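Enquirer: Sequence and predicted structure are below.
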4 protein chains.
Amino acid sequence: MPTSQDDLRVATLGESRFASPLTRERFTPDNTRVLLDIDYAEGSLPSAVGFEKAGAREQIYFDPSQSAAAIVTCGGLCPGLNNVIRHLYYALHAGYGVPRVLGVRHGYQGLNQALGAPPLELTADLVEPIHHQGGTMLGTSRGPQDPEVMLDTLGEWGVNLLFPIGGDGTQRGAHALAQAARKRGQEIAVVGIPKTIDNDIRFCFQTFGFASAVGEAERVIDRAHVEAKSVERGVGLVKLMGREAGFIAAAATVASGEVNFALVPEHPVPFEGDKGFFARLGHRLDARGHAVVVVAEGVGQDLLASNAAKDASGNRKLGDIGLYLKERISEHFNQLGHPISMKYFDPSYYIRSVQANAGDSVLTERFARHAANAALAGKTDLFVGSWNGRIVHVPLAASIGVPRRLAEDSELWTAVEAVTGQSRW
Amino acid sequence: MPTSQDDLRVATLGESRFASPLTRERFTPDNTRVLLDIDYAEGSLPSAVGFEKAGAREQIYFDPSQSAAAIVTCGGLCPGLNNVIRHLYYALHAGYGVPRVLGVRHGYQGLNQALGAPPLELTADLVEPIHHQGGTMLGTSRGPQDPEVMLDTLGEWGVNLLFPIGGDGTQRGAHALAQAARKRGQEIAVVGIPKTIDNDIRFCFQTFGFASAVGEAERVIDRAHVEAKSVERGVGLVKLMGREAGFIAAAATVASGEVNFALVPEHPVPFEGDKGFFARLGHRLDARGHAVVVVAEGVGQDLLASNAAKDASGNRKLGDIGLYLKERISEHFNQLGHPISMKYFDPSYYIRSVQANAGDSVLTERFARHAANAALAGKTDLFVGSWNGRIVHVPLAASIGVPRRLAEDSELWTAVEAVTGQSRW
Amino acid sequence: MPTSQDDLRVATLGESRFASPLTRERFTPDNTRVLLDIDYAEGSLPSAVGFEKAGAREQIYFDPSQSAAAIVTCGGLCPGLNNVIRHLYYALHAGYGVPRVLGVRHGYQGLNQALGAPPLELTADLVEPIHHQGGTMLGTSRGPQDPEVMLDTLGEWGVNLLFPIGGDGTQRGAHALAQAARKRGQEIAVVGIPKTIDNDIRFCFQTFGFASAVGEAERVIDRAHVEAKSVERGVGLVKLMGREAGFIAAAATVASGEVNFALVPEHPVPFEGDKGFFARLGHRLDARGHAVVVVAEGVGQDLLASNAAKDASGNRKLGDIGLYLKERISEHFNQLGHPISMKYFDPSYYIRSVQANAGDSVLTERFARHAANAALAGKTDLFVGSWNGRIVHVPLAASIGVPRRLAEDSELWTAVEAVTGQSRW
Amino acid sequence: MPTSQDDLRVATLGESRFASPLTRERFTPDNTRVLLDIDYAEGSLPSAVGFEKAGAREQIYFDPSQSAAAIVTCGGLCPGLNNVIRHLYYALHAGYGVPRVLGVRHGYQGLNQALGAPPLELTADLVEPIHHQGGTMLGTSRGPQDPEVMLDTLGEWGVNLLFPIGGDGTQRGAHALAQAARKRGQEIAVVGIPKTIDNDIRFCFQTFGFASAVGEAERVIDRAHVEAKSVERGVGLVKLMGREAGFIAAAATVASGEVNFALVPEHPVPFEGDKGFFARLGHRLDARGHAVVVVAEGVGQDLLASNAAKDASGNRKLGDIGLYLKERISEHFNQLGHPISMKYFDPSYYIRSVQANAGDSVLTERFARHAANAALAGKTDLFVGSWNGRIVHVPLAASIGVPRRLAEDSELWTAVEAVTGQSRW
């Protein structure tokens, strides 16, 4: 993570000029930092590079009573979206006294009024019960819109505080929008809130919704275990989310404690051969009579792609590692003359549409409140991330395009290895 | 349901000759009946046909202290199997004082010792915690075994009380076994407990596990609703169990209250055409922007079969109505130039491997206790069913081979029509 | 249950005169009955007494397009109240086309406009999400109001269809109101829906909310079991609802399968003495090291009252059997020099404020739809009950004032005895 | 937090002398530190004080194959105890190859064989299913035992690795034991795992079980909200754990988002007076018609004590702030002539006996594995804590006796103030 202090410098719209209306006694001084690296060898201190610490500022840039905010949710569902919307509304309206908070409909598309529906004006009655449901009350969609068009729309609406909630693509869009605004001199604070159920955004260690998703995934794995144990040579195969990062698969594996093999995109294992996954699975089945396998959806894409190339049939299903393994595992043991009983689970949307659990609810409040703090203070072109247990300001340019991956020497992967014992079979 | 009193007559092994060791004061006289038909037009009574009522008998046929029991679980998982095993053990051992209760491993296969593992001798410690888990602690398998071989095994073990837990196929096997036992004069009471997550067994109105499965299915539907509502023209499509009977799909539809179309095998609707399902779905989407569709797995098998015939590729997936609809619905609206956003849910095993809910737990206790009562009383070739709110003795010959279906004028289907309004679009 | 056919005759406002707008093909003929008693000794049929069967009638009394309905929820919370409101709205508005459905605020008090808030005009948007929450969106209160005042209010509102949802007291109020309406010739159909979490209403075998409450109670008992098992001589004591009827305590006991003693008001046991509860509890603790006890709140009221008289301190807490047992059990074993570790659970409101489970959701739809059917058909002074698995019309006069109790020879109490083995210690 | 590097220095039994049998490639060098303070003002680095970082060491002190371990769980229940036991067993036995892992029965008492039951020899079959249940399979008890007696027992059993799982008192006992062992030269690594549902242990930011408890508490609060909203002037009052630290009350308040007043021991508010809690509650009720109040059990103990002193009746119940507020709030509004409807919730044991959620399950694995790593490496007189997102070695002497409190300027309390708006009424 070779990052300099300059990379972590946050953009501001200008000097703060208003006293904060917040009544709490303690504010966070604007020069407070949170250290980037905190592990060190005794005797040698970590280098003095840190993030700007999030928090309410005593002096702020915008007059809340003259401000208007817009919230936009983009991309796939994630537990906690409604909580973020609700807490942003409360932080802005009840906390700072911002009179108008708009809910943009269906992602960035709602900022292009040629395409999208008009925004929803949020009220306490509207947002009060929404955290009891998954999904997003504003609707969502995928894909970018022209920054200039979006800035025009925001200008027409009089919005000076924009909160894009979404993943890497959404934050790229936010960055483009913040840059375009600076260019044309439109005063708007763009403060993102990272949303990624895969937990794969750089400089956001813990994202909301992840823990809730892991909880649901654990439940699915437990049922796969029940199914696998109830028959002879039962194999419970669970496909989980994770196009390029195996965090959900790994965390659910550790949480469940019933998984024998966890396959993630970051740490490919050969399927065939003496030391391959199929052979190891066979040893496990011979020894214990059943097995539970978790596979992240991004696993084996090379294999599936090359197969596709060979066979040229355009069969989209070859891209689905779950269906591929479901068939190949059965085939493998049929060929050996020692068939298995395959129980396949593909929970897909079921996991991401759950409501946020208590921990994620707490996290959404934190992200939302600090996003409001940052925007009112005139910070822009950043998102609120979590780092070493603190909420920090992360310049969008420092995060976008550099995905987070499950490192081999991480606590989580070490735990997966310990809990599954998968390299011992 | 043209059934005569003679069809409902239960077989017994002989005259009861021992006093029941049960200490409760009230026993059920052996000639107590529960009426088959209880609706009538005022002025005309229903006909005098009824089931033998289950219950403890004051005089019983077997000396419990000289008896041995065997429990066998067959076929697919169903919530409550472990509860049934546990309550059978308690009723037999703690209730009647039967010294040995064997758990047969992996279905009927465990009664063929050439194939199966030796039985488990059940104890209080073994069965105490099992109801907190789904599945079956004994394991299960599919398919029949030779009755003569099974009788030999049971004879070797000294078993005179056999409890086969399973669906129509299992009860057929139980019937064959009871008949063969009578033929060879082997004294064994064969008392089945119906297990069918689809609730499709004749003369068993309410089967254990069904309500738990519906509860899980409801949860999946609610998430499909969240997904569908969160995007423009979102369609949440949920495939549920039900090869030939749509009870789970129907009950989960009513329980959820969020379903717009429920498709079941019993009441086929055309997909294409002006009044077809796709057209109605289009009206709904135009009017409300999203829709939730539930389909039972047995729907449209004719259609899928004929497609298969045309294409002759042996593609098993064509038999999957969920995948078929997932693709055809998208295709249909693409062709109309008005695409939808498809969210497909296939919870499959997830639903049936859940532990029993409170209601099903109560039901399992009732079935298990009355199965023990019937067997000790020397009844055989029957299962314990539920009818008009009572537990009754159903001769196996009266039930097997005649599946239960969701009638068009039933309460449940009427509720589906009312709640979805699906015939109004 | 000595009841004659005349007692079960339902009052109607007059001859049906309109064709039902419902489009379903099968209607229930008005002379269809459901037999009251369905058990019989072979050879002797049950007597020809039955309830009127609920269902849509082909001819109805009121013109739906000229009708207005009011829904009122009274008394304590019960899982499913919001589902009933929602399904009544759909059945009346979407089903029959009744243009106005009013939600009365805070029980009968809302029908006295000198005291209560004005009614809520229900809409699809208002009722759509409410079934995901416990409680009642209309609010509730206890106590009666003057029937004449309520009739005046209903007259002013133009309401001809009234649905009081509540327990025995509420149905008494409904009966008084129906009688007063007949007297003054005000045309109003009064169709109650029984609501009793205790399941203690005569002629309603299964009430909505009961199963959900039992499910929650089971969870509490399971935790009491965890606590009791984790310490030496641990006693998990759980107080559950049930002033005069022990149905919840009994059903949760059977569902849990972890209870050793269940105490209900109907079957008092002495606490003291050689065969008393304390002595039995001691035997259990000596044998197994821990115990779980469930007590319904109505147990031991005589004892507590007489104690109160003796001590004359006005200590209200003496009326609380949970707190009494909590202290007396500890005291008893302290005096014996063999102390226990007491873990007391009083879940109270927690249980009744849960949302309805799937089974109760289905049940609420059924009650609500048939209540609408009955009211439009001009039936009055009745509630919709469940009997032998059917929904039936129960004249209010036949039910009110005669509470339902847990009979000693019932299935449920037999199951309690079997599962706890409490009479064997 | 004025702590020097010397205070954080961990004791070891001696030089490491065996190669670790663990096969993972990356080990944590023994001189790796995790910085204590990581916030700083730009330009001034935090001081070079840090904890020893947990992790597997390449060289270890004990020969695993010659080692024996003992696990002991003390004090009140906490979600995740069984997970810790299970993961300790796996880490020691499957990971390091320690042949014997003993489960001490019922807390420290089991280390005094004059009092306690003999230990349980743990096996894979015994520990495999235990994480699906709350509580502790080993049993627990309160209170210390003589260190010398415990050392004698451990010596007899041949135990050189001891894992005491418990709160501040337990860790004091562990410290005394480690000191006594050093004194008498008994080679035993004493590695604690902090267990505190209140999250009030110094230098352990996040303890296992806390998140699960907060999740349960949130559910109770949501039901209190349902009850309060369903009546006029409804007050839902929820008493939660927290003798001296309000973390659970605060986190559940934020998670729920439905609480209007959260009272914790650290931030006392006057009940009476113009600006007191009762007056503010009255404003809220007048404005919104209902309110939800959360109170930690440690609140108002001074008040209750002084009352007790005045009345000298020895009434223990005066120590219960929940019952006190339940009565005083009702009384207060009765006296004002504007009564409220009180709904009181005291979930108590219900919250702590739940099984661990997914996040806590992951956390238990981490604590358990690193405790095993530390003990095998010959570290002693420490516990494994979590600090700034890492697992670290905390010398027992640095933590015991200094409780952790909810600081007024903490993220969590700031969130409570923001979410409740309680200082604004």
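Expert: Arrived safely, thanks for sending.
Enquirer: Report pLDDT for the residue nearest to A:Gly155 when sequence neighbours are not counted.
Expert: Closest residue to A:Gly155 in three dimensions, ignoring its sequence neighbours and counting by CB to CB, 6 or more residues apart in numbering or on different chains: A:Gln186, at 6.2 Å. Placement of C-beta: from N, CA and C, glycine included. In the prediction, the pLDDT value recorded for A:Gln186 is 98.
Enquirer: For A:Gln186, grab the count of nearby residues.
Expert: 16 (other CB atoms under 10 Å in any protein chain shown).
Enquirer: now swap in the one 4 residues further on and tell me
Expert: A total of 29 residues lie near A:Val190 under the criterion other CB under 10 Å.
Enquirer: For it, list each beta-bridge partner.
Expert: A:Leu162 (DSSP bridges).
Enquirer: what's near enough to touch it?
Expert: Each residue near A:Val190 by CB atoms under 8 Å, 6 or more residues apart in numbering or on different chains is listed here: A:162, A:164, A:174, A:177-178, A:181, A:380-382.
Enquirer: let's go with 7 Å and repeat that
Expert: When the contact criterion is CB atoms under 7 Å, 6 or more residues apart in numbering or on different chains, the partners of A:Val190 are A:162, A:164, A:174, A:177-178, A:181, A:380-381.
Enquirer: Looking at those residues, which one is closest to chain C?
Expert: Nearest to chain C among the contacts of A:Val190, counting by CB to the nearest CB, is A:Pro164 at 26.8 Å.
Enquirer: Need the phi and psi values for that closest one.
Expert: Torsion angles at A:Pro164 (phi, psi; degrees, to the nearest 10) stand at phi -80, psi 120.
Enquirer: For stretch A:10-26, list every residue counted as buried.
Expert: For stretch A:10-26, the buried set under the neighbour-count rule, 16 or more other CB atoms under 10 Å in any protein chain shown, comprises A:10-13, A:16, A:18, A:20, A:22.
Enquirer: Using CSV, list the CA coordinates for that stretch.
Expert: Only the C-alpha atoms of stretch A:10-26 are listed here, as CSV (Å, rounded to 0.1, in the frame of the first residue of the first chain):
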residue,chain,number,x,y,z
VAL,A,10,-9.0,15.8,0.9
ALA,A,11,-10.4,18.5,-1.4
THR,A,12,-12.5,21.3,0.1
LEU,A,13,-14.7,23.9,-1.5
GLY,A,14,-13.2,26.7,0.6
GLU,A,15,-12.6,28.2,4.0
SER,A,16,-15.2,27.3,6.6
ARG,A,17,-17.3,30.4,7.6
PHE,A,18,-20.3,29.3,9.6
ALA,A,19,-20.6,28.1,13.2
SER,A,20,-21.9,24.6,13.4
PRO,A,21,-25.5,24.4,14.7
LEU,A,22,-24.7,21.1,16.4
THR,A,23,-25.0,21.4,20.1
ARG,A,24,-22.6,18.6,21.2
GLU,A,25,-19.6,19.9,23.1
ARG,A,26,-16.8,18.1,21.4
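Enquirer: Not counting its own residues, what contacts it?
Expert: With contacts defined as CB under 7 Å, 6+ apart, stretch A:10-26 is touched by A:27, A:52, A:56-61, A:63-64, A:95-97, A:187, A:189, A:377-382, A:393, A:395, D:409, D:414, D:417, D:423.
Enquirer: Just confirm A:Leu237 is within a helix.
Expert: No. Residue state for A:Leu237 (DSSP: H, G, I helix; E, B strand; the rest coil) corresponds to strand; a helix is not indicated.
Enquirer: What's the local residue count around the residue in the stretch 251-400 of chain A that chain B sits nearest to?
Expert: Of the residues in the stretch 251-400 of chain A, the one nearest chain B is A:Ser353, at a distance of 4.1 Å by CB to the nearest CB. Residues within reach of A:Ser353, counting by other CB under 10 Å, total 29.
Enquirer: same question, A:Val292
Expert: Other residues within reach of A:Val292, judged by other CB under 10 Å, total 28.
Enquirer: so it, which of the three states?
Expert: In three-state terms, and counting by three-state DSSP, A:Val292 is strand.
Enquirer: interface residues of the stretch 151-300 of chain A facing chain D?
Expert: Those residues of the stretch 151-300 of chain A that sit near chain D, judged by CB under 7 Å from any CB of the partner chain, are A:205, A:211, A:214-215, A:218, A:251, A:254-255, A:257.
Enquirer: mind giving me a markdown table with those residues and columns for secondary structure?
Expert: Listed next are those as a markdown table, based on three-state DSSP:
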| residue | secondary structure |
| --- | --- |
| A:Phe205 | coil |
| A:Ala211 | helix |
| A:Val214 | helix |
| A:Gly215 | helix |
| A:Glu218 | helix |
| A:Ala251 | helix |
| A:Val254 | helix |
| A:Ala255 | helix |
| A:Gly257 | coil |
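Enquirer: Adding distance to A:Pro194, neighbour count and pLDDT, write those residues out as TSV.
Expert: Supplementary listing: these in TSV, determined by distance: CB to CB, whole Å; neighbours: other CB atoms under 10 Å in any protein chain shown; pLDDT from 0 to 100:
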residue	distance to A:Pro194	neighbour count	pLDDT
A:Phe205	10	16	91
A:Ala211	15	25	97
A:Val214	17	30	98
A:Gly215	20	23	98
A:Glu218	23	24	98
A:Ala251	17	28	98
A:Val254	23	28	98
A:Ala255	22	31	98
A:Gly257	29	26	96
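Enquirer: show me what contacts the closest residue to A:Ala374 other than its chain neighbours?
Expert: The shortest distance from A:Ala374 to any residue that is not its chain neighbour, by CB to CB, 6+ apart, is 4.9 Å, and that residue is A:Val191. By CB under 7 Å, 6+ apart, the contact set of A:Val191 is A:163, A:371, A:374-375, A:379-380, A:382-384.
Enquirer: Throw together a PyMOL command that grabs the buried residues out of these.
Expert: Typed into PyMOL, the next command selects the buried ones out of the contacts of A:Val191 (criterion: 16+ other CB under 10 Å):
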select buried, chain A and resi 163+371+374+375+379+380+382+383+384
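Enquirer: out of the contacts of A:Val191, which one sits closest to chain C?
Expert: Ranking the contacts of A:Val191 by separation from chain C, with CB to the nearest CB as the measure, puts A:Phe163 on top at 24.7 Å.
Enquirer: Keeping just the C-alphas, turn stretch A:195-210 into PDB.
Expert: Written as PDB, here are the backbone C-alpha positions of stretch A:195-210 (Å, rounded to 0.1, in the frame of the first residue of the first chain):
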ATOM      1  CA  LYS A 195     -21.600   0.300  -0.700                       C
ATOM      2  CA  THR A 196     -20.200  -3.000  -1.600                       C
ATOM      3  CA  ILE A 197     -21.500  -6.300  -0.300                       C
ATOM      4  CA  ASP A 198     -18.300  -7.900  -1.500                       C
ATOM      5  CA  ASN A 199     -16.300  -5.600   0.900                       C
ATOM      6  CA  ASP A 200     -13.900  -5.000  -2.000                       C
ATOM      7  CA  ILE A 201     -13.400  -1.200  -1.800                       C
ATOM      8  CA  ARG A 202      -9.900   0.100  -1.100                       C
ATOM      9  CA  PHE A 203      -9.600   2.100   2.200                       C
ATOM     10  CA  CYS A 204     -12.900   0.900   3.500                       C
ATOM     11  CA  PHE A 205     -12.100  -2.000   5.800                       C
ATOM     12  CA  GLN A 206     -15.600  -2.600   6.900                       C
ATOM     13  CA  THR A 207     -18.600  -1.700   4.700                       C
ATOM     14  CA  PHE A 208     -22.200  -1.700   5.800                       C
ATOM     15  CA  GLY A 209     -24.200  -4.700   4.800                       C
ATOM     16  CA  PHE A 210     -21.300  -7.100   4.700                       C
END
